[in-house]
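S.K.: Structure of the sequence below:
(one chain, ligands or ions: 2)
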Amino acid sequence: MTESPKVSGSLRNRLAVTLIGGASLLAVLLFLVVRTYAAQIAQQGQDSILGASVTSILDAAVLRDDQVEIDFPYAAFSMLTTPAHDRVFYAIYRDAELLSGYADLPLPKGSDSGERRYQSAEFIGKPIRISTASRTLLGADVKTRITVSVAQTQDALSDRLNAISRNIASFGIGFFVLVVLLSFWATSSTIAPLNRLATSVTRRGPQDLSPVIKPVPTEMLPLVASLNRLMARLNQSLTQSEDFIAEAAHRVRTPLATVRSHAETTLQRVDKEQNRQALRAMIRAIDESSRAAGQLLDHAMITFRADQLEYQQLDLVELVQKLVLRLSPVAEMKDIDLRFLGDQPVLCQGDPILLQNAIRNLIDNALKYSPSESAIDIWVTSQPQPQVEIRDQGPGFPIDEISDLAQRFSRGNNAAGTIGSGLGLTIAQDVAIAHGGKLALSNHTGGGACVIFSL
Ligand SMILES: Nc1ncnc2c1ncn2[C@@H]1O[C@H](COP(=O)(O)OP(=O)(O)OP(=O)(O)O)[C@@H](O)[C@H]1O
Ligand SMILES: [Mg+2]
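M.R.: Ligands and ions are numbered 1, 2, ... in the order given. Got it, this is the predicted structure:
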């Protein structure tokens, strides 16, 4: 069982959270900066009107007979009219003495430099902005200083600021939504090559250890390069172990054949029943070993060739007919009627050596597991796909084991007493899969095993 790797978060989520987090921070920052800037500009606007109002009042002040006279210019207050009907206050001082206006209007702190001064304060419970300026009036023998303060509440200003804030906020939200959409698009398109790589590796057949050659982004190159190196190493060590098995099986088979022939000759010479029994057991064990070695050799060859199939155009009918012909002596020995049905050529693409091996194993099973004086029917058909169906009249597959029989070294409970290694169906199934087909095992309703080998 493969252990699934531990998950440490999701790249997509991490990317999305970073992008969206960054975007919301930027949106808030943008809002604050633009709002502060807008507030500054609006304040400058109010200040310049207040300043102009103060100047126009100061300019209207004259000294007549030591008395200060001011003919308030109409514009001095009318210029301060606002849509929010802001209230206006003023105070006029001659030196430190209040001449007119609100005595408790706050005056700017600090020294009077003659420049216009501005300050924000609170008056009658409302925030106000005050502009103050002074002017020296010269009379015949007096010199006096007039100070004028004009103040205004800030309702229109804060209305305007609120409107601006609303606009910036909607602009910021729009920007944020756009960035969220963009970040979803960006994360999907960034993750896409990873997903494509995963899909292409997942879709591979179990035997496919070829390197990944599809183009990948630069950042993924190290990963794909290590993956390819890993697959190359795996492929090499698989080939090595298959080679090793094949070599070992080959080396075992030849001396086994020699031992068997010696045992056969000795069996003919020995009379004592006990010794004869021992020799027979020995010959059977040798047969088992040599069958196993032969099947292992074939299996290794098939695993190796399945990676690089040598496709040829071939006639399946002809191929199976030859096999039937070759196996008929075995059938005759058991009095089994090996019947081949099919005369039209069934043309297909395939590796003839692998196909022969697979179908030989299937016919071999039918011969091995059916009783003597029975019949085996073999059909080759081209519809729905090129396939070979082999049906015998034996006991059929053990039904509770049928799904496992095609696994390596798996033998059914009906196999006791027959020589075999449990690799025949594995070989047939591997060959079918390598050709893009499958092997289906079932039992016929009238009794007997039914195997369909399709391409
Ligand atoms: N025609 C059949 N009828 C009944 N049982 C079968 C038939 N063919 C296969 N089986 C069952 O399936 C098992 C697996 O078959 P498989 O060909 O893989 O191995 P085997 O015949 O035991 O050994 P070998 O590798 O020598 O062929 C057999 O042991 C047998 O129990
Ligand atoms: Mg078999």
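S.K.: Determine how far the strand or helix carrying residue 267 lies from the middle of the whole chain.
M.R.: Using DSSP states H and E, residue 267 sits in helix 221-269. A distance of 39 Å separates the centroid of the chain from that of helix 221-269, by CA atoms, centre = their mean, to the nearest Å.
S.K.: how about it, does it get close to ligand 1?
M.R.: No. Using CB under 6 Å from any ligand atom, we find that helix 221-269 stays clear of ligand 1, coming within 12.7 Å at best. For every residue, glycine as well, the C-beta is placed using N, CA and C.
S.K.: What average pLDDT does that helix get?
M.R.: The average pLDDT for helix 221-269 rounds to 87.
S.K.: what angle do the following helix or strand past it and helix 221-269 make?
M.R.: Counting by DSSP H and E, the element after helix 221-269 in chain order, helix or strand, is helix 273-307. Using axes from the mean of the first three to the mean of the last three CA atoms, to 10 degrees, the inter-axis angle of helix 273-307 relative to helix 221-269 is 150 degrees.
S.K.: And helix 273-307, what does it pack against?
M.R.: helix 221-269, helix 352-369, helix 424-434 (3 or more CB pairs under 8 Å, 6 or more residues apart in numbering; DSSP states H and E).
S.K.: Tell me the buried residues in whichever helix or strand comes after it?
M.R.: Using DSSP H and E, the helix or strand that directly follows helix 273-307 along the chain is strand 312-315. The neighbour-count check on strand 312-315 (16 or more other CB atoms under 10 Å) flags residue 314 as buried.
S.K.: now do stretch 200-220
M.R.: Within stretch 200-220, the residues that count as buried by 16+ other CB under 10 Å are 209, 212, 216, 220.
S.K.: just stretch 157-177 next, same as before
M.R.: In stretch 157-177, counting by 16+ other CB under 10 Å, buried: 157, 160, 161, 164, 165, 168, 172, 175, 176.
S.K.: Make sure the last one is actually in contact with residue 21.
M.R.: No. Using CB atoms under 8 Å, residue 176 and residue 21 do not qualify as a contacting pair, with a distance of 11.1 Å.
S.K.: Give me the subset of the buried residues of stretch 157-177 lying in strands.
M.R.: Within the buried residues of stretch 157-177, no residue falls in strands by DSSP state E.
S.K.: Turn these into a markdown table, columns for distance to residue 289 and pLDDT.
M.R.: Below are the buried residues of stretch 157-177 laid out as a markdown table (distance: CB to CB, whole Å; pLDDT from 0 to 100):
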| residue | distance to residue 289 | pLDDT |
| --- | --- | --- |
| 157 | 103 | 90 |
| 160 | 100 | 89 |
| 161 | 97 | 90 |
| 164 | 94 | 89 |
| 165 | 91 | 90 |
| 168 | 88 | 88 |
| 172 | 82 | 86 |
| 175 | 79 | 85 |
| 176 | 76 | 87 |
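S.K.: which one of those residues is nearest ligand 1?
M.R.: residue 176 (65.1 Å; CB to the nearest ligand atom).
S.K.: what's the closest non-adjacent residue to that closest one?
M.R.: residue 27 (4.7 Å; CB to CB, 6 or more residues apart in numbering).
S.K.: and which of the buried residues of stretch 200-220 is nearest ligand 1?
M.R.: When the buried residues of stretch 200-220 are ranked by distance to ligand 1 (CB to the nearest ligand atom), residue 209 comes first, at 25.2 Å.
S.K.: doesn't residue 233 make contact with the closest one?
M.R.: No. Contact criterion CB under 8 Å: residue 209 and residue 233 do not qualify, at 9.5 Å.
S.K.: pLDDT averaged over stretch 404-424 - what is it?
M.R.: 92.
S.K.: Okay, now that stretch: how far is its last residue from its first?
M.R.: Taking CA to CA, to the nearest Å, stretch 404-424 runs 13 Å from one end to the other.
S.K.: Distance from the chain centre to that stretch, please.
M.R.: 42 Å.
S.K.: Contacts (any at all) between ligand 1 and it?
M.R.: Yes. Contact of stretch 404-424 with ligand 1 (CB under 6 Å from any ligand atom) involves 405, 410, 411, 412, 414, 415, 420, 421, 422, 423, 424.
S.K.: Mark which of those are buried, thanks.
M.R.: The neighbour-count test (16+ other CB under 10 Å) marks 405, 411, 412, 415, 420, 421, 422, 423, 424 as buried among those.
S.K.: Can you list which of these are found in helices?
M.R.: residue 424 (DSSP state H).
S.K.: which among the buried ones among the residues of stretch 404-424 next to ligand 1 are in contact with ligand 2?
M.R.: By CB under 5 Å from the ion, the members of those lying near ligand 2 are residue 424.
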